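Participant: Provided below for reference: sequence and predicted model.
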Amino acid sequence: MSAVRTRFAPSPSGYLHVGNAWAAFFNWLFARHADGQFILRIEDTDRSRSTDESIQSILDDFHWLGIDWDEGPDVGGPAGPYRQTERSVVYRQHVRALLDGGHAYFCYCTPDELDAERNAAQIAGRPYRYSGRCRSLTDSERAVFEGEGRAPTIRLRVTREEPVVVHDLILGDVAFEPDALDDAILVRSDGSPLYNFANVVDDHLMTVTHVIRANEHLSNTPKQLLIYDAFGWVPPQIAHLPMILGPDRRKLSKRHGDTSIRDYRRQGYLPEALLNFFALLGWHPGDDREIYTVDELIARFEIKDLGKASPVFDTAKLTWINGLYMRELMAHNPTRVVDISVASLKGAGLVGPEVTNADRAYVQRVVEVLGDRIKVGQDVVSTGAFFFVDEVEYDPAAVEQYLRDPAALTVLGHLRERVAAGPELDRVAAEKVVRELAAALGVHSRAIIHPARVALTGRTTGPGLFELMALLGKDRMVRRLDRALAWLRAQV
RNA sequence: GGCCCCAUCGUCUAGCCCGGUCUAGGACAUGGCCCUCUCAAGGCCAAGACGCGGGUUCGAAUCCCGCUGGGGCUACCA
């Protein structure tokens, strides 16, 4: 009996990309569903593109998402180390075995020579394959090359004559003709292993049973299968996911704006909402619901329900889902909404770096007043900035619509006097003041409410006037009304 | 160019494997109405898709072939 073991193997060259997180999530879901293990392995064999900061940020984003691993670079495990640059000895031993068994050989061709071969093939209109000129070098020929100071790469000796077929769990059988497969380089001339080789060795040694990865690796798979063959190993089960596309149906990239988990985290998206959204991309849980807890996803996840077609990353739907989760949090765990809001406010410079308990209490009240207008953390900034500034910024269109009006002068003047003369107001009292003023002036309450909102917030949209009045408090209301009045008088 | 993958509303998808129950279902987004101090939320309604062409069949979104379109790979990147 073999327990399910899945893995995610990022190469640390930046923040965690949503496409990678998405694939990792399915591997994780599958492992958890099957009560197996999920492994995190760092593929940093390309040293020039890998950084420690990137590794740290990737681990950090996974923690944030709530995706945990049973074995990995930070927690260790029986098959470690889990960072490829720390596994050089392992690769060296294994390539040695291949060399000794005649499954691999030294190749002294230089990159320039290889390029020339490639170009020649291109010009002739032929598909390129390595010429194989180093396949059967004699010892003396090798000595000559070594004498010239050439450092060899190590290539796989491919002798296969039948098609290599990938038994893909999502795509079904995919066959590759043998003449499309040439002698892949396993080890660079500097001795470091290449992706296809290290990946195979590690997956085998880490007893990975299922590999769920992006489609872009499909053409690598026959090469890897040949390496498993050379070792006499049984390959894991493989499933190729489609690739997430941008709105223009091209591979999701920086051109499309936000593509890293960190971007969404900064904007104040919720990890559970992101995961819920990911689950619905390319996978179908079986019924028409849209909202699932992670536990429900784990319970339902099956590889066979994964789709083949590339989904478009639709932020509108993500935001809708996030809004639903936000509302839920607002009702049951407002502290988290406050945390997220404070983070966004800090980012926007609307609160200082030091946040006191009183500040938090105030943010909580703002958040309550803003209510479901906050779909994403940063909405507290886009919809509620006026709660945090000394002088509100007037939206020109709002001014045109409700403020630039002689009647507004009268109405706001009276409102100012009544507010200034009275006590602090709660929501109910604020409504009373406005309604009574409307009755006294013989106008509809709208005639007060709209200009008052513009005077107090600078805009036509936002929370109800009475609740925002209560939260602003007497002093700030008077100041803002005075400023609006002064502005109005200056207009005539 | 070669090899490979994919193809249902604008978007995410159900249906396809085991043809009829599909006048193609749900959700996001969009439009309208209701609610209402604005916005948001909510409720109701509307519009909106089987890429094209051939087969097979009494019957095709579902099976087969071709085309078109999109994508990936074609590195001493992963």
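Facilitator: Great, that's in hand. Numbers count the residues shown, from 1 in each chain, chains lettered A, B, ... in the order given.

Participant: Give me the nearest residue to residue A:460, chain neighbours excluded.
Facilitator: The shortest distance from residue A:460 to any non-neighbouring residue, by C-beta to C-beta, 6 or more residues apart in numbering, is to residue A:398 (4.5 Å). C-beta here means a position set from N, CA and C on the backbone, and glycine is covered the same way.

Participant: Show me what the helix or strand hosting that neighbour packs onto, helices and strands only.
Facilitator: In this assignment (DSSP states H and E), residue A:398 forms part of helix A:396-398. The contact analysis (3 or more C-beta pairs under 8 Å, 6 or more residues apart in numbering; DSSP states H and E) places helix A:396-398 against no helix or strand.

Participant: Okay, buried residues for it please.
Facilitator: For helix A:396-398, the buried set under the neighbour-count rule, 16 or more other C-beta atoms under 10 Å, comprises residue A:398.

Participant: is any part of it close to RNA strand B?
Facilitator: No. Against RNA strand B, helix A:396-398 shows no contacts by C-beta under 7 Å from any atom of the strand, the least distance being 9.2 Å.

Participant: what does that helix rub up against?
Facilitator: A:454, A:458-460 (C-beta atoms under 8 Å, 6 or more residues apart in numbering).

Participant: Does stretch A:249-256 reach RNA strand B?
Facilitator: Yes. Counting by C-beta under 7 Å from any atom of the strand, RNA strand B has neighbours in stretch A:249-256: A:249-251.

Participant: quick one: which of those residues is most hemmed in?
Facilitator: Neighbour counts for the residues of stretch A:249-256 next to RNA strand B peak at residue A:251, which has 15 neighbours (criterion: other C-beta atoms under 10 Å).

Participant: Around RNA strand B, pick out the residues from the stretch 301-450 of chain A.
Facilitator: Residues of the stretch 301-450 of chain A lying near RNA strand B (C-beta under 7 Å from any atom of the strand): A:305, A:307-312, A:314, A:316-317, A:320, A:323-324, A:327, A:371-373, A:375, A:445-446, A:449-450.

Participant: Which of these are buried, as a PyMOL select command?
Facilitator: Typed into PyMOL, the line below selects the buried ones among these, using 16+ other C-beta under 10 Å:
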select buried, chain A and resi 310+311+323+324+373+375+445+449+450
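
Participant: Among the residues of the stretch 301-450 of chain A next to RNA strand B, which lie within helices?
Facilitator: A:316-317, A:320, A:323-324, A:327, A:446, A:449-450 (DSSP state H).

Participant: Residue A:291: which of the residues you listed is nearest?
Facilitator: The nearest member of these to residue A:291, counting by C-beta to C-beta, is residue A:324 at 6.3 Å.

Participant: can you tell me which residues contact the closest residue to that closest one other than its chain neighbours?
Facilitator: Closest residue in space to residue A:324, ignoring its immediate chain neighbours: residue A:291 at 6.3 Å, by C-beta to C-beta, 6+ apart. By C-beta under 8 Å, 6+ apart, the residues touching residue A:291 are A:276, A:321, A:324.

Participant: Sounds good, over and out.
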